[in-house]
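> Provide a 3D model corresponding to the input given below.
(3 chains)
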Amino acid sequence: MLRNLALVALILCCTYEGALAVEPSEMSLESQVCLSCHEGLTPGLVADWRASRHAHVTPEQALAKPGPERRFSAQSVLDSKRAGFVVGCYECHGLRPDEHKDSFDHFGLRISVVVSPKDCAQCHPVETDEYAISKKANAHANLMANPVYHALVSAVDGLKVSSGDEQTTLAPSPETLGETCLGCHGTEVKVMGMKSVVTPMGAMQFPDLANWPNQGVGRINPDGSTGSCTSCHPRHSFSIEVARKPYTCAQCHLDPDTPAWNVYSASKHGDIFLSSGDKWNWDSVPWRAGQDFTAPTCATCHVSQVVTPQGAPVAPRSHDFASRLWVRLFGLIYAHPQPKSGDTTVIRNKDGQPLPATFSGEPATPFLIDPAEQALRKARMSAVCRACHSTDWTQSHFKRLDTAIEETNQMTLEATRLMTLAWNSGMANSANPFDEYLEQLWIQQWLFYANTTRYASAMTGAHDYAAFKYGWWGLTTNLEKLRHDIVKKEKQAPDKKERHK
Amino acid sequence: MLRNLALVALILCCTYEGALAVEPSEMSLESQVCLSCHEGLTPGLVADWRASRHAHVTPEQALAKPGPERRFSAQSVLDSKRAGFVVGCYECHGLRPDEHKDSFDHFGLRISVVVSPKDCAQCHPVETDEYAISKKANAHANLMANPVYHALVSAVDGLKVSSGDEQTTLAPSPETLGETCLGCHGTEVKVMGMKSVVTPMGAMQFPDLANWPNQGVGRINPDGSTGSCTSCHPRHSFSIEVARKPYTCAQCHLDPDTPAWNVYSASKHGDIFLSSGDKWNWDSVPWRAGQDFTAPTCATCHVSQVVTPQGAPVAPRSHDFASRLWVRLFGLIYAHPQPKSGDTTVIRNKDGQPLPATFSGEPATPFLIDPAEQALRKARMSAVCRACHSTDWTQSHFKRLDTAIEETNQMTLEATRLMTLAWNSGMANSANPFDEYLEQLWIQQWLFYANTTRYASAMTGAHDYAAFKYGWWGLTTNLEKLRHDIVKKEKQAPDKKERHK
Amino acid sequence: MLRNLALVALILCCTYEGALAVEPSEMSLESQVCLSCHEGLTPGLVADWRASRHAHVTPEQALAKPGPERRFSAQSVLDSKRAGFVVGCYECHGLRPDEHKDSFDHFGLRISVVVSPKDCAQCHPVETDEYAISKKANAHANLMANPVYHALVSAVDGLKVSSGDEQTTLAPSPETLGETCLGCHGTEVKVMGMKSVVTPMGAMQFPDLANWPNQGVGRINPDGSTGSCTSCHPRHSFSIEVARKPYTCAQCHLDPDTPAWNVYSASKHGDIFLSSGDKWNWDSVPWRAGQDFTAPTCATCHVSQVVTPQGAPVAPRSHDFASRLWVRLFGLIYAHPQPKSGDTTVIRNKDGQPLPATFSGEPATPFLIDPAEQALRKARMSAVCRACHSTDWTQSHFKRLDTAIEETNQMTLEATRLMTLAWNSGMANSANPFDEYLEQLWIQQWLFYANTTRYASAMTGAHDYAAFKYGWWGLTTNLEKLRHDIVKKEKQAPDKKERHK
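Alright, predicted model coming up:
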């Protein structure tokens, strides 16, 4: 009570220019305090939230929705005192302060800067549990704690410094890592203490956060959790519509390495989305195939709860993004069955490398899902396809994908054979396999061209990508360039041509 | 009568989960049978069709529309018994079963898997006739039956296999051809017999189709026809709106080889479409310049029937996509007047090659349209431009395009001169002119950089494409790379520079 | 009075097919004359204008709007006789005929072809004054009158012609310049006399304009002014909505050299715009953060008058596009503080070059804004960020940008060191530093890869651009290619690797 009086006093005292009185209705007193300043200080943020579902629905109301329509997945409202308040600033930023190293005292309220999946789990525990076991949630360590991938990151992002003829590659700066790989994979946000910041309201104390801001999918948060729900549900609307639109995935899944958006936009599905999507029903839960949308987006196939117009289930929602994926198209360095664990640092191939396949293409089978699990996941995905396509259409499509996987893996193998020649002959040095001219051609083969060809196949037709834009044109000409640089130097032109049958 | 009773019985018997009773109103009994299962089996497909014009208009009603508004181009309804039914499943899939090698018995109805342009011609014969003579309808054979282009396809798409130092290029797999070149050009869909498919309703017999699914513009269909209306009017909405939007053309016309969408999106026209298109009237027939749309899309300039807001004709509709094109910007290997026939396999240049120009740039005039026909087509296109631009503006624009064509052809000639040097000196082997490192640089010159420069010019201004992105930057640096690799090896740096005046 | 009668007679006489009687209401008699023919002749243009604000508001009404909502920035209506007419054809094309070398007599009215910023200044003088001092208004001379940049333009756009082993680069044609660099930078539109044009109304006399059409931002107009308001406010709607949408900026600011649109579209801001922008209020003046829009577009950060939902100012409008920019990310060849003057031809670095930094990276400080001005501009930009982000978030973001600038400048320096080696050793000839193979690799380093990395950082996260697409992958592999071609030739593989620490 005393605390409430103090909060009200705080609201009344607030003198920040432009701040408005806020409606007391279903908003907690604490969140009203926040708005009393932030309505004027960060008006865009507040207006965005005001238009959101969070600003209009209380946990109590959300819990009362019937099964498939419910967006609230907890069995009950954890904090019953807050069940009747809309989900305001304090309802999220005030959670679990003792677990948050980034919590601090702010005008009498203890709040955290970084709202984490564990905070979201108060209302959405099913989604955060699914997410927690995914490769996405492990994306930071999967990249940075794997010595092979880490060597690639360092070779690419490290500043090059010369002294005479010697060039040294420095360790990448945290800033550059945050702009590049860790922008998507997630940084480790660390609390370095407190610091003074001069704001429009004067100098104030805030947690001093290293590697912040960041919204990468595998962000390591100050409360020890991993992930960032705002990667796909951007704050402060946290909209399901935005998450369902492919532009969200396109923040990271872009050519040349993971061209999901690019090939989608050039596919028939993408054509229909781009041409007709403005008439779709983006907010409906569950999502009715053919009625709410007439072509799939990324979310449709990989995440969303999809039903028929009559409400019959097509696919259950899952925030483990691999739940409908049997093969991993992303070559490391070959496409391979999905790993069993979202934590891929545990993988060791037969050569002892932390890679899901050897350089000669043998998959690290003990760490990858078995054929039964592959079949299960393929059946889940096929069910989505069959909402619009026949069984035969669907099977024929995936048969084509099998060929794309097999042939691109072979094109990677060819490049790797040539690269091995170069390593063995001393033309290149395999100590770091990623930092020389020839090695970088080799990287392009599996990281850019093989991946693009497979993505284009999987997403039902981005033919110019598969043919010319990073696809077979890339696979073929890049291999020829490698051959030209590695093999041909020692030969004469007439001999060279004998290889063409 | 007996048959109808059997069909009704079939509807009543249908037990597939999720299937709904369908409205009997204007739908044929056969299509009701289809829906009795497919409403639940492929609900997205059915819902898409339900929202379409086909589901709401009967041929009788379509025929009654006044001239310019009519979308039905037949003189009468061929099958008078069906004139009063909306265009449902059976109305298309049940057509011409004897001509369809892919027709089969499906629950008592004889239907075909692949609906072809000849089926669509029942109601839209003018459009399919126009289409049938176009290069698009001939796109499969134009590519695969031309030995030069076929060699390029094989060099790019064929799997490379090594044995010792020898590398062999295998013939491309049908699956990879279907994902790449033939994804757009169209596959040859062949019926290999019948096969059993395990569907959600149990094992069933379907035609075993090779090279299916496919929606390429020159698809060879099991009924012997060529083309695929769903390339641009995707099923099952068959929407004119989708076909009028540039995303549809962007399925195939993409950089780096045919960057129509890319340069359009960067042009003033593309800017206006992307910024304002959501307010346009996309379904109006005819299409009123300035009122229904305020900037052209691909369809406006190349296909659509365009009128003034007052209804005066600007351009008649044509599904022969070259009817407003006088020059073929797509270099083979030089830009050239449009071919006389949509079947380009008949072309022979003076060197006997099946190409519209010799390697030295001389056009195969007897096979290309003459100046009078060029002028006629240019006048048709100019009429569209003049809906918004002055005569002088239009002429000045096309004068600039003339220069772009001339100069890019010369830049191709320069590269071809260097390539010829390499062939003659034994640096490369012209037996297959597409499979070596130097040859692939040469291909880029005419296929990527010259094409992009011309497309950017034609579409009124994608200046960064013409300058840096595959345009003059590509033409210039690629030529310099060729010169560096072919000519400079034998020279010293000081001499090299003399060529710059 | 006599003149008016003549004009009315002209309208009545107009026999051009399709022309409509136009409403006399608030439209000047002169503009009615225009429409009496052009409604039928250029119906799209007229319909576009009819839907515009210009067609519905008179200067008198525009002047009467309260302060922040006013779009008319003159203190009064210059031509009081026209204050009550909507802004029609003649109101713009009839202005200042004596200053317009492109004015001509057209059916009794003296009109100009090219409406220039000085014409727009009749009603919008604040905007045109701001614009006139910007780099954009000076973009033609900044490129063409700077001998270094001019050499680059000539090397790229000039036709290459061979004679024997000698290759000559011709001066670029005006047409190609107009399609490439000057498409964006603006051509010099010159009046060459009068010419006869055969129009749908017969042969008529028009000014013979060289380098027309063009809408480049620094166009030199026949009335001596520079710039083109239609670059961003395309005719004839002159819409603020279009100018506020990023597609407008994307006409020129594209990868690989200035990838603003590309990185924006891949950023969180771009995601929100692309996913939600169709619900925003694009026409509101002033523009309310969070209410009218929930993520910034190019215009929000760089141009627009932004306020809070309550109307408190966030940023004033400015058409000097550098008013919120302290650093120039676009490397010439290094990123550097913004130049003091929009006319950058006056700049001389310590080596006497007309460049804002020496090749070794020292900025031409006397010509660049000082730290105080930098701080002022950064504060203006930060105010826009803080409409949605905290002060700390904003500062941390810009700290990361500082690192991106520093490191990309160093990666340019490394490449320049190698290039200097090549120049000094005779491997390349620095007479023209832009026309040889090695030099073109070097250009890519600063023009494509360093720029992209900085743009991606500045626009808050286009991580795949910063990492793989033209970003660090480009910086690193391109530098390695330079090193491979320049340094490694003389070394053995084992030695080479010592540089990796």
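
> hey, let's count contacts and neighbours off CA atoms from now on
Will do.

> neighbours of A:Q167, how many?
Close neighbours of A:Q167, defined as other CA atoms under 10 Å in any protein chain shown, add up to 18.

> show the model's pLDDT score for it.
Note for A:Q167: predicted pLDDT of 92.

> is it bridged to anything, and to what?
Under the criterion DSSP bridges, A:Q167 forms beta bridges with A:S162.

> and the gap between it and C:K118?
As judged by CA to CA, to the nearest Å, A:Q167 and C:K118 stand 55 Å apart.

> got the residues of the stretch 51-200 of chain A near chain C?
For the stretch 51-200 of chain A, the contact set with chain C under CA under 8 Å from any CA of the partner chain comprises A:155-157, A:159-162, A:165-169, A:175-176, A:179-181, A:183-184, A:197-199.

> narrow the residues you listed to those in helices?
Using DSSP state H, A:155-157, A:175-176, A:179, A:181, A:183-184 are the members of these that sit in helices.

> show the contacting residues for A:G277.
A:F293 (CA atoms under 8 Å, 6 or more residues apart in numbering or on different chains).

> low-confidence ranges in the stretch 1-150 of chain A?
Where the stretch 1-150 of chain A drops to pLDDT under 70, the residues are A:1-25.

> cutoff 50 now
Within the stretch 1-150 of chain A, the ranges that satisfy pLDDT under 50 run A:15-22.

> ok, the stretch 151-300 of chain A next?
Judged against pLDDT under 50, the stretch 151-300 of chain A has no low-scoring part.

> hmm, the helix ranked longest in chain A touching chain C?
Of all segments of type helix in chain A, defined using DSSP H, the longest is helix A:391-425. No - using CA under 8 Å from any CA, helix A:391-425 never reaches chain C; the gap is at least 9.2 Å.

> now the helix or strand following that helix: average pLDDT?
Toward the C-terminus, helix A:391-425 is succeeded by helix A:437-443 as the next helix or strand (DSSP states H and E). Helix A:437-443 carries an average pLDDT of 98.

> please tell me how far the residue nearest to the spatial centre of chain A sits from chain B.
Central residue check for chain A by CA atoms, centre = their mean: the C-alpha nearest the mean position is that of A:V217, 4.7 Å away. Distance, A:V217 to chain B, by CA to the nearest CA, to the nearest Å: 30 Å.

> quick revisit: show me what the longest helix of chain A is packed up against.
Secondary-structure packing of helix A:391-425 (3 or more CA pairs under 8 Å, 6 or more residues apart in numbering or on different chains; DSSP states H and E): helix A:437-443, helix A:451-458, helix A:472-486, strand B:160-163, helix B:174-179, strand B:190-199.

> using CSV, please lay out these together with distance to A:K399 and mean neighbour count.
Shown next, in CSV, are the helices and strands packed on helix A:391-425 (distance: least, CA to CA, whole Å; neighbours: other CA atoms under 10 Å in any protein chain shown):
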stretch, distance to A:K399, mean neighbour count
helix A:437-443, 27, 21
helix A:451-458, 10, 30
helix A:472-486, 18, 22
strand B:160-163, 21, 16
helix B:174-179, 8, 24
strand B:190-199, 14, 14
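
> that older thread, so the residue nearest to the centre of chain A makes contact with A:K136?
Yes - between A:V217 and A:K136 there is a contact under CA atoms under 8 Å: 5.5 Å.

> which ones are touching the closest residue to A:W212 other than its chain neighbours?
Take A:W212 and drop its neighbours on the chain: the residue closest to it by CA to CA, 6 or more residues apart in numbering or on different chains is A:V189, 6.0 Å away. Contact analysis of A:V189 by CA under 8 Å, 6+ apart lists A:209-212, A:219-222.

> with A:D105 instead?
Residues counted as contacts of A:D105 (CA under 8 Å, 6+ apart) are A:I111.

> can you tell me the SS state at it?
Following DSSP: H, G, I helix; E, B strand; the rest coil, the label given to A:D105 is strand.

> how far out from the middle of the chain is stretch A:387-394?
From the chain centre to the centre of stretch A:387-394 is a distance of 28 Å (CA atoms, centre = their mean, to the nearest Å).

> which residues are in contact with it?
Stretch A:387-394 is contacted from outside by A:289-290, A:308, A:314, A:382, A:385-386, B:41-46, B:197-199, B:212-213, using CA under 8 Å, 6+ apart.

> which bits of the stretch 201-350 of chain A sit near chain B?
With CA under 8 Å from any CA as the criterion, the stretch 201-350 of chain A meets chain B at residues A:266-268, A:271-272, A:274-276, A:289-291, A:294, A:308-310, A:312.
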